[in-house]
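Participant: give me coordinates for this.
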Amino acid sequence: MRGRPPLSIGSSGKVTVTESEAGTFQAFCRYRDMDGKTRRVTATGRTKRAANDALTAKLSIRSRGNNDALTPESRVKELASTWLAQHEASPGALEQYAGTIDRHITPKIGSLRIRELTTSRADKFLELVGTKHAGTHTKADGTPVLIGGPTAALTARVVLTQMFSMAVRYGLCEVNPVREARTPKSGRKPVKAINAEMLQALLDHVREWAEGGTYGPARDQDVLDMIEVLVGTGIRPGEVLALRWSDGVDLSEDPSIEVTGTAKRTKERGLHRQEHPKTDSSERQLRLPGFVVSVLRRRRLRAGGNDYVFPNRDGELREPANFNRVWRSARGEEWAWVTPKSFRAAVATIIDREADSESAASQLGHRSDLVTRKHYIEHDKMATDNRVILERFRDVR
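Facilitator: Numbers count the residues shown, from 1 in each chain. Modelled structure (predicted):
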């Protein structure tokens, strides 16, 4: 004689309700969990209906399996907190995502129920965030700052998409409502790279700035050396600041540097040397051109006991924000369009022109040349020379 067929995963058997001697009711049934085991699930209530409803709610939560704290009735801000606590990323990325949640998601849609976020509402939310300076945010020191813009909207879309991907996995919604929302336009300006002539003029300008400053604090003389290392390697400013003599700087017959970390400041750890660069592909060894070798050898002779190649005044890790501040002062209004990223664009562009985009990507530490071509290589307006081919039309004139 065949036995009773097993329940399917995530399903329950017949519900039975009994009354206790104290006058309360208990509802129970068999439920087959995600591990394949069948267990008894019970719930109590003051009435038969209340016990049955409590059991139904318990089974609904149990069927989601992964997170009993969240339901479709939970707020979007609660989903955001759960997602952020479980998301694996670098401290810097987590800090950026937390900022997006605090500045945009929580105040604008945080009070919505998870089930209430439709594609239409997600679309309107991203449109609002993408409006430049559409809102204000108060910093920890009480200073109000303008927020919003295409970049903020792109980050908000990434965070919200991943939040609701988790919601789908937990059974809180059937589909991800953010996936079909429109991607905000980035408003990104075309890449503009510095060429050799512009670089010489810029260095002359910065040198004049460094030699000035008769009154007040002495101007930072390191900025010139840092520019030369940036344009001679293509590494990121944080990676320059993290360079150490004891860790991958080789000035022998085949001089090179090894990128092994970056300078970071996070809320959790403050200023520190992160013992790995931005991405896995950023860990690389770069051979050095002669002018960079000259800069490093000169700095090595006067390093004293400092291990950092570009230390602060105390011989410790230099603050990235301080370098950015010095750079803004040194470049002045004439070169206001030049940022530290501009030097990476200059490196990528010249390598692309002389070699190819894959070589440029390898130098910059990109896994592929897609990012390099989109964000770092200046568009070459000069088309391929096809004059010889086009001359074939001459005979048909």
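Participant: so, low pLDDT: which residues of the stretch 151-300 of the chain?
Facilitator: The stretch 151-300 of the chain contains residues with pLDDT under 70 at 186-188, 213-218.
Participant: show me where it has helices.
Facilitator: For the stretch 151-300 of the chain, the helices defined by DSSP state H, counting those that start in this stretch cover 196-211, 222-233, 237-241, 290-301.
Participant: quick one: which of these is nearest residue 114?
Facilitator: The stretch from the helices of the stretch 151-300 of the chain with the least distance to residue 114 (Cβ to Cβ) is helix 237-241; that distance is 37.2 Å. Placement of C-beta: from N, CA and C, glycine included.
Participant: report the distance from the closest one to the chain centre.
Facilitator: Distance of helix 237-241 from the chain centroid (Cα atoms, centre = their mean, to the nearest Å) equals 18 Å.
Participant: with stretch 375-390 instead?
Facilitator: 33 Å.
Participant: same check, this time on stretch 44-64
Facilitator: Centre-to-centre, stretch 44-64 and its host chain are 42 Å apart (Cα atoms, centre = their mean).
Participant: relative to residue 133, which of the helices of the stretch 151-300 of the chain is closest?
Facilitator: Closest to residue 133 of those, according to Cβ to Cβ: helix 237-241, at 26.4 Å.
Participant: please name every helix or strand in contact with the closest one.
Facilitator: Packing contacts for helix 237-241, counted by 3 or more Cβ pairs under 8 Å, 6 or more residues apart in numbering; DSSP states H and E, involve helix 222-233, strand 262-266, helix 320-331.
Participant: can I get the ones you listed in CSV with mean neighbour count and distance to residue 208?
Facilitator: Output for the helices and strands packed on helix 237-241, formatted as CSV (neighbours: other Cβ atoms under 10 Å; distance: least, Cβ to Cβ, whole Å):
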stretch, mean neighbour count, distance to residue 208
helix 222-233, 20, 11
strand 262-266, 20, 28
helix 320-331, 16, 10
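Participant: these: which one's closest to residue 360?
Facilitator: When the helices and strands packed on helix 237-241 are compared (using Cβ to Cβ), the closest one is helix 222-233, at 12.6 Å.
Participant: which other residues reach the closest one?
Facilitator: If you take Cβ atoms under 8 Å, 6 or more residues apart in numbering as the criterion, helix 222-233 is touched by 194, 199, 202-203, 206-207, 210, 235, 237, 240, 257, 286, 288-289, 291-292, 295-296, 299, 310, 323, 326-327, 330, 340, 343-344, 346-347, 363.
Participant: just give the number of residues close to residue 154.
Facilitator: Residues lying near residue 154 (other Cβ atoms under 10 Å) number 18.
Participant: for the helix or strand harbouring residue 390, list the C-alpha coordinates in PDB.
Facilitator: Assigned by DSSP states H and E, residue 390 belongs to helix 387-390. Taking C-alpha atoms only, helix 387-390 is exported to PDB below (Å, rounded to 0.1, in the frame of the first residue of the first chain):
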ATOM      1  CA  ARG A 387      42.700  59.000 -49.900                       C
ATOM      2  CA  VAL A 388      44.300  56.200 -51.900                       C
ATOM      3  CA  ILE A 389      41.100  54.200 -51.900                       C
ATOM      4  CA  LEU A 390      38.900  57.200 -52.800                       C
END
